[in-house]
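J.: make a model of this:
(one chain, ligands or ions: 1)
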Amino acid sequence: MVAPNLGLEDVIVGTSSICDVNGKTGQLIYRGYDIHDLAAHTTFEEIVYLLWHDDLPRRSELEGLDRELKAARALPAPVVSFIEQLPKTASPMDVLRTTVSLLGIYDPDGRDNSVASTRRKAVRLTAQIPTIMATFHRSREGKGIIPPDPSLSAAANLLFMLTGEKPDDYAVHTMDVALILHADHEYNASTFSARVTIATLSDLYDAITAAIGTLSGPLHGGANEQVMRMLLQIDGEDEAERWIRGALERHDRIMGFGHRVYKTDDPRAVELKEMARHLGERVGQAQWFRMADRIQKVMLEEKGLYANVDFYSASTYYVMGVPIDLFTPLFAASRVSGWSAHVIEQLENNRLIRPRSEYVGPTNKKVVPLDQR
Ligand SMILES: CC(C)(COP(=O)(O)OP(=O)(O)OC[C@H]1O[C@@H](n2cnc3c(N)ncnc32)[C@H](O)[C@@H]1OP(=O)(O)O)[C@@H](O)C(=O)NCCC(=O)NCCS
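T.: Reported below is the predicted structural model:
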């Protein structure tokens, strides 16, 4: 047996033409396009098309996908009733995981794993995850559920269903870019989980349910919520530096910093940092950005660690009025597009994923009968 590589660091376990991450140069590429170019010139719907096909859509192709996504946003009535009966205190990520699993039971394509069927299921899931989030959030607040609005883009509709108010263009653009930035990230933990799950020839719902569970942990998507809870504990900008130095002295793990692949700026954090700054200034809440900026400087100076995607998304979502416990579901609302692309790619050239472990337990033991132990 070769020595185990805990965490599979730098291990290549497959090929993919969906997404490339270059940790040395800080580049993120979706199907050949740089993330900064995509963030500046496309919409989330174009990214969904890009991830599910080989290239960006022509206008008619985009309109076709957009129509399908809009038509699929409403949840089946029994699923809405199910969400309404859940405890108001439930974690939205638990609600999302369980409801996605439930949706599989109602999907007209059943467990058909053909590409056409899996793509139809992916359309439904991508359209319905924001509806699940908003339905649970409105229901736990005792507010009326807002039906999806087919005149709105994915980003605008998501904000509208949460708040009941039509968002302004700036908020829609910010949300749209956030969705673009989170859509895919190569073989990250939740995507790998989705690929392992579909590789048994289960189905898309199984794979996405597993991926949501994997995303929820604080070492992965759950970090964005923890970042905001940390910022809220700090008493102002001037306190930030002292606070973070104290946390480092206690050897605390600081959420929103470090990355398995990026050893330089995470390009998503570069985009989000600017968005957090602009948005904070615009709504008169610049303190979060300033606090975060001070923390980032100390982390780089003391630990050589860069901010990752979750660090600046936290204050961006917060000043947009998104409740903290919906930050990670929001990540899932975007990443479902990447997960689905990977599931389809895995199915196209599938082999069961089954690694080995090195056995380090006891050997040659003999069973002592129960009444003699
Ligand atoms: C992302 C993450 C899980 C990557 O982990 P990894 O590649 O396994 O790296 P390790 O946990 O082995 O960390 C390597 C070293 O950096 C330190 N480190 C890494 N991230 C750190 C952080 N956020 N805060 C403090 N120290 C950190 C570790 O303590 C370790 O130091 P040591 O070698 O002195 O023990 C890790 O950086 C982390 O926990 N970050 C915080 C959670 C987060 O933001 N997750 C979202 C990722 S997009």
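J.: burial count for the closest residue to Gln287 other than its chain neighbours?
T.: Here the nearest residue to Gln287 in space, its sequence neighbours aside, is Glu237; by CB to CB, 6 or more residues apart in numbering that works out to 5.9 Å. All C-beta atoms are positioned from the backbone trio N, CA, C, and that covers glycine. Taking other CB atoms under 10 Å as the neighbour definition, Glu237 ends up with a count of 17.
J.: ok, now Gly304?
T.: Gly304 is surrounded by 9 other residues when neighbours are defined as other CB under 10 Å.
J.: same thing with Tyr49?
T.: 22.
J.: so which strand or helix has it?
T.: Taking DSSP states H and E as the criterion, Tyr49 maps to helix 44-52.
J.: immediately after that helix, which helix or strand?
T.: Using DSSP H and E, the helix or strand that directly follows helix 44-52 along the chain is helix 59-71.
J.: buried stuff in the host helix or strand of His137?
T.: Here His137 is covered by helix 115-140, with elements defined by DSSP H and E. Buried residues in helix 115-140, counting neighbours by 16 or more other CB atoms under 10 Å, are found at 117-140.
J.: now stretch 318-337
T.: Residues of stretch 318-337 classed as buried: 318-320, 322-337 (neighbour count, 16+ other CB under 10 Å).
J.: identify the residues contacting the one residue in the stretch 101-250 of the chain that gets nearest to the ligand.
T.: For the stretch 101-250 of the chain, the residue closest to the ligand is Ala223, as judged by CB to the nearest ligand atom, at 3.5 Å. Taking CB atoms under 8 Å, 6 or more residues apart in numbering as the criterion, Ala223 is in contact with 255-256, 308, 310.
J.: count the residues that sit near Thr42.
T.: By other CB under 10 Å, the burial measure for Thr42, its neighbour count, is 20.
J.: just Gly23 next, same as before
T.: The number of residues packed around Gly23, counting by other CB under 10 Å, is 15.
J.: quick one: contacts for it?
T.: Neighbour list for Gly23: 259, 261-264 [criterion: CB under 8 Å, 6+ apart].
J.: next: Arg351.
T.: Taking CB under 8 Å, 6+ apart as the definition of contact, the neighbours of Arg351 are Ala199.
J.: could you report the separation of it from Gly361?
T.: With distances taken as CB to CB, to the nearest Å, Arg351 is found 28 Å from Gly361.
J.: let's see the pLDDT reported for the residue lying closest to Lys143 once chain neighbours are set aside.
T.: Distance criterion CB to CB, 6+ apart; nearest residue to Lys143, sequence neighbours excluded, is Gly164 at 7.1 Å. Among the per-residue scores, Gly164 shows a pLDDT of 95.
J.: wait, doesn't Gly164 sit right on Pro147?
T.: No - at 10.8 Å, Gly164 does not count as touching Pro147 under the criterion of CB atoms under 8 Å.
J.: look at the closest residue to Arg120 other than its chain neighbours and give its secondary structure.
T.: With CB to CB, 6+ apart as the criterion, Arg120 has its nearest non-adjacent residue at 5.5 Å, and that residue is Asp109. Under the three-state scheme (DSSP: H, G, I helix; E, B strand; the rest coil), the conformation of Asp109 reads as coil.
J.: pLDDT at Asp109, what is it?
T.: In this model, Asp109 is scored at 97, pLDDT.
J.: quick one, phi/psi of it?
T.: Backbone geometry at Asp109, expressed as degrees, to the nearest 10, gives phi -80, psi 0.
J.: give me the low-pLDDT residue ranges for the stretch 1-150 of the chain?
T.: By pLDDT under 70, the low-scoring segments of the stretch 1-150 of the chain are 1.
J.: got the residues of it near the ligand?
T.: Residues of the stretch 1-150 of the chain that fall close to the ligand, judged by CB under 6 Å from any ligand atom: Gly7.
J.: residue in the stretch 1-150 of the chain nearest to the ligand?
T.: Relative to the ligand, the nearest point of the stretch 1-150 of the chain is Gly7 (5.2 Å; CB to the nearest ligand atom).
J.: can you list the domains in this structure?
T.: Per automatic domain parsing, the structural domains of the chain span 19-218+333-348, 223-319.
J.: now those as JSON lines including distance to Pro355?
T.: Formatted as JSON lines, the entries for these read as follows, by distance: least, CB to CB, whole Å:
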{"stretch": "domain 19-218+333-348", "distance to Pro355": "10"}
{"stretch": "domain 223-319", "distance to Pro355": "18"}
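J.: packing partners for the helix or strand encompassing Leu103?
T.: With elements taken from DSSP H and E, the one containing Leu103 is helix 92-106. Packing partners of helix 92-106 (3 or more CB pairs under 8 Å, 6 or more residues apart in numbering; DSSP states H and E): helix 77-85, helix 115-140, helix 204-215, helix 327-348.
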